[in-house]
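S.K.: A structural model of the following input is requested.
(chains A and B)
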Number of protein chains: 2
Amino acid sequence: MKEDQNVARRPVKVAILGFGTVGTSVARILCEHPPDGVTLGCLFNRGIDRKRVSWIPSSVLWTENFDQVLDSQPDIIIELAGGLHPAGDWVRRSLAAGRSVVTANKKMIAEQGPALEELARRHGCQLLYGAAVAGGVPVIPAVQQGLAGDRINRLHGILNGTCNFILSNMEDGAEFDATLRQAQQRGYAEADPTEDVDGFDARAKLVILSRIGLRVEVLPEEVACRTIRDVSAIDFAYAKELNCTIRQISRAELRNQELLATVGPMLVRRNSPLSWSRGTENMVISGGQYGGETVFSGHGAGGNPTAVAVISDVLAIAHGGCPVTITSTRARVDGDFIVPHYIRFVVDDQPGIVAKIAGDLAAQHININAILQKPGYPKDRLPFVVTVEPCRSSALKAALGKIARMDCMQASPVDLQMLEEQLT
Amino acid sequence: MKEDQNVARRPVKVAILGFGTVGTSVARILCEHPPDGVTLGCLFNRGIDRKRVSWIPSSVLWTENFDQVLDSQPDIIIELAGGLHPAGDWVRRSLAAGRSVVTANKKMIAEQGPALEELARRHGCQLLYGAAVAGGVPVIPAVQQGLAGDRINRLHGILNGTCNFILSNMEDGAEFDATLRQAQQRGYAEADPTEDVDGFDARAKLVILSRIGLRVEVLPEEVACRTIRDVSAIDFAYAKELNCTIRQISRAELRNQELLATVGPMLVRRNSPLSWSRGTENMVISGGQYGGETVFSGHGAGGNPTAVAVISDVLAIAHGGCPVTITSTRARVDGDFIVPHYIRFVVDDQPGIVAKIAGDLAAQHININAILQKPGYPKDRLPFVVTVEPCRSSALKAALGKIARMDCMQASPVDLQMLEEQLT
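M.R.: Numbers count the residues shown, from 1 in each chain, chains lettered A, B, ... in the order given. So this is what the prediction gives:
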């Protein structure tokens, strides 16, 4: 065993803010297998008395008073409370006091990351957030350090385990509502699933990844989100005919000084790694000018995998590490990818429907690629699918605005982008 | 654009030893898109005059004299000459002079990594080698930093692009020799393919990964290698019947204080990410106690992807980074995994063969799982396959030693381990 000369003699003392699932996992790992040179000093939570457990050493300070956390002089403060308030204030006060911060708070980093990093720099400490994207999959250190030498120009992937659980389970024919309930029963979805299924969670992660990988700063609300609630079992049946499946895809791509970015359900080909991703798995695919495509996948959520990312960041600071500095510029965001689309209609069947749809699409210069109609559905609520050649989503939206007003339409048309990948 | 305060005012000066494929890519990226704070100062190669190109700035020193490299006072020396001699001497002299070294030299790092890191530490400089494993796939920084907080206990994957090209192309029915020639024509295999197809290249990478991920030090020659030359088209046909394909798999697993490790062709299931890996792609799957399985894949070789890894290491040093220190211990190596096996025989058919084989296997307490025989082969050179339940490779070897001596055997039996994975 070699002497570990880079670790300071005095152990690095950490405080944990938030003793929930991830906080408990972090504390447990720190107590079960204390990494070289790291010691747990303080646990902070509201109503701390009901949180007490016997396996935490008696030397650890339990408190519900944030001032006491700072007074205990931790070297690193691990923020796992989540949300913007009051977590953001705690983080700012910690950094201003020269305490390094490790956080899993994607919302805070997506909205205030550059400003908080600037604050950390001014006070000679660090802010790391490897756990904020893809949980235990080390995408942030891999991209920030391991691909620093490339010029990454596109990123796409599966950034929300709840949506991936729901959509990969819907492949077998279940409907959205039933699958959501199943996810809730298993603890993979919240009682209010909005953040996950409507794309806000994935969007925050995409904003963080875009800054690290594509080096552009954008705000979460600038990125268009589409909910997965519109996706039905019938869409999986049609997707299968197209040799595809459906996943919630977050994608970002540089086009000149602009960032093209969207989050929402998309058709992905069955020979894409994205279609192999099942359950709560996360996957990120980065595309670089020199290194080509690189795939990262693994457990994107859960107490232990997220705790691994947190403790890895703690170790990076404890061992004197300092990540490659990312210089980023503010960019305009656009969601208008030029891609093929899948459009599912439900109509009261009558002659002339396809002609009218084709006409409205043609008026927007959109070419139909295929028309699919599976047998076995009632004529007065007949689902059928049109796929169109690559077009701007905005042009399609204009056409669908007219088409949706046709008398025969029994439901709003559902349009999904079809992901085009450069597969090896 | 933010001021990059972590980069020293004076640019970091780098020298490149070896102006071959990777060296040229590194130089080209440094000249085309000079990263913040990094400048190319010196190029070193034997017979440097025939290497001169016009796109290198005139400020760069060209030399074939290593003393001149040191005299030019580079901050970082990039070693891309490969091999142990004289590259190892240059690296030792560089480190001893307090110059940090970035290298892609897997052979040198596998054999002397811990000693060289110790030398670097003693002289206050760094030795980074992200390009030594899996080329452009940032496995080393991802494992070393991003998974530092986990306790990784197994690693497996595809670490040699040449073997992966050959085996994934043999899936369609081609034989080894023809596919090797194709790989050679495309520049994916050397004129003498020994290092690649016999497993020595992958073994060096596995040794490096074992140290970084599993924190054990072993020597390359302690890890058993099996060539892929024995694998025939017929094996792919039988593998397909077993819902498998064949890949060169490098695997390492901790068992108490011992490292179980092997490199060689193995059957992998068609639903494993390993079977999706085609062409020269590399893939590494790490398994941790807390974070579970994490998959990394991408371009494992080639000038540009390898250059990305090299420049990323240069940037890590230039930005004042310092990787999480790996403390590792010397471990004993064993190759005796307990796994199911595939055994292919070629016999001059006659009664009693299966009974005799079954008897010899039973004598080693090995249970037969299935017997497969595809039609359409001559009776006097009849291939058939036996799969057996998990057993030690050593026990199987003993049984096959007896079986191989049967008069009916027209070729040595080919036995391949069957990879058992925990698939999500």
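S.K.: Chain B versus A:K240, what's the distance?
M.R.: Separation of A:K240 from chain B (Cβ to the nearest Cβ, to the nearest Å) stands at 17 Å. (C-beta placed from N, C-alpha, C; glycine too.)
S.K.: Now find how far off-centre the one helix or strand that residue maps to is within its chain.
M.R.: Assessed by DSSP states H and E, A:K240 sits inside helix A:233-241. Here helix A:233-241 shows a centroid-to-chain-centroid distance of 25 Å under the convention Cα atoms, centre = their mean, to the nearest Å.
S.K.: Show me what it is packed against.
M.R.: Packing partners of helix A:233-241 (3 or more Cβ pairs under 8 Å, 6 or more residues apart in numbering or on different chains; DSSP states H and E): strand A:244-255, strand A:338-347, strand A:382-392.
S.K.: between the ones you listed, which one is nearest to B:E79?
M.R.: strand A:244-255 (33.0 Å; Cβ to Cβ).
S.K.: Direction included, what does the closest one pair against?
M.R.: Strand A:244-255 has its sheet partners listed here by DSSP bridges as strand A:152-158 (antiparallel), strand A:258-269 (antiparallel).
S.K.: angle of the helix holding A:K240 against strand A:338-347?
M.R.: 130 degrees (axes from the mean of the first three to the mean of the last three Cα atoms, to 10 degrees).
S.K.: From the rest of the structure, what touches helix A:233-241?
M.R.: Contact partners of helix A:233-241, identified using Cβ atoms under 8 Å, 6 or more residues apart in numbering or on different chains, comprise A:170-171, A:173-175, A:245-246, A:267, A:342, A:344, A:372, A:374, A:383, A:385, A:414, A:416.
S.K.: switch to 10 Å and redo it
M.R.: A:167, A:170-176, A:178-179, A:231-232, A:244-246, A:265, A:267-270, A:275, A:342, A:344, A:346, A:370, A:372-374, A:377, A:383-385, A:387, A:414, A:416, A:418 (Cβ atoms under 10 Å, 6 or more residues apart in numbering or on different chains).
S.K.: got the angle between it and strand A:382-392?
M.R.: Using the same axes, to 10 degrees, helix A:233-241 lies at 60 degrees relative to strand A:382-392.
S.K.: buried sites along helix A:233-241?
M.R.: Buried positions in helix A:233-241, judged by neighbour count with 16 or more other Cβ atoms under 10 Å in any protein chain shown: A:I234, A:D235, A:F236, A:Y238, A:A239.
S.K.: ok so, going back, for the helices and strands packed on helix A:233-241, could you give me a markdown table that also reports mean neighbour count, mean pLDDT and distance to B:D67?
M.R.: A markdown table is the format used below for the helices and strands packed on helix A:233-241 (neighbours: other Cβ atoms under 10 Å in any protein chain shown; pLDDT from 0 to 100; distance: least, Cβ to Cβ, whole Å):
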| stretch | mean neighbour count | mean pLDDT | distance to B:D67 |
| --- | --- | --- | --- |
| strand A:244-255 | 24 | 97 | 44 |
| strand A:338-347 | 21 | 96 | 57 |
| strand A:382-392 | 19 | 96 | 58 |
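S.K.: Which residue ranges of the stretch 251-400 of chain A form helices?
M.R.: A:273-276, A:303-318, A:353-363, A:393-403 (DSSP state H, counting those that start in this stretch).
S.K.: which of these is buried the deepest?
M.R.: Across the helices of the stretch 251-400 of chain A, the average number of neighbours (mean count of other Cβ atoms under 10 Å in any protein chain shown) peaks for helix A:303-318, which reaches a mean of 28.
S.K.: That one near chain B anywhere?
M.R.: Yes: applying Cβ under 10 Å from any Cβ of the partner chain, one finds helix A:303-318 in contact with chain B at A:303-318.
S.K.: ok now that helix, how far from the chain's centre?
M.R.: Centroid separation between helix A:303-318 and its chain, computed with Cα atoms, centre = their mean, is 18 Å.
S.K.: Could you figure out how far that helix is turned away from strand B:152-158?
M.R.: Here helix A:303-318 runs at an angle of 90 degrees relative to strand B:152-158 (the same axes, to 10 degrees).
S.K.: close enough to count as contact, A:T227 and A:G264?
M.R.: Yes: A:T227 is in contact with A:G264 according to Cβ atoms under 10 Å; the separation is 7.4 Å.
S.K.: mean confidence for stretch A:118-138?
M.R.: Averaging pLDDT along stretch A:118-138 gives 95.
S.K.: measure it end to end?
M.R.: 23 Å (Cα to Cα, to the nearest Å).
S.K.: Is chain B within reach of that stretch?
M.R.: Yes: contact between stretch A:118-138 and chain B, assessed by Cβ under 10 Å from any Cβ, occurs at A:E118, A:R121, A:R122, A:G130, A:A131, A:A134, A:G135, A:G136, A:V137, A:P138.
S.K.: Lovely, talk soon.
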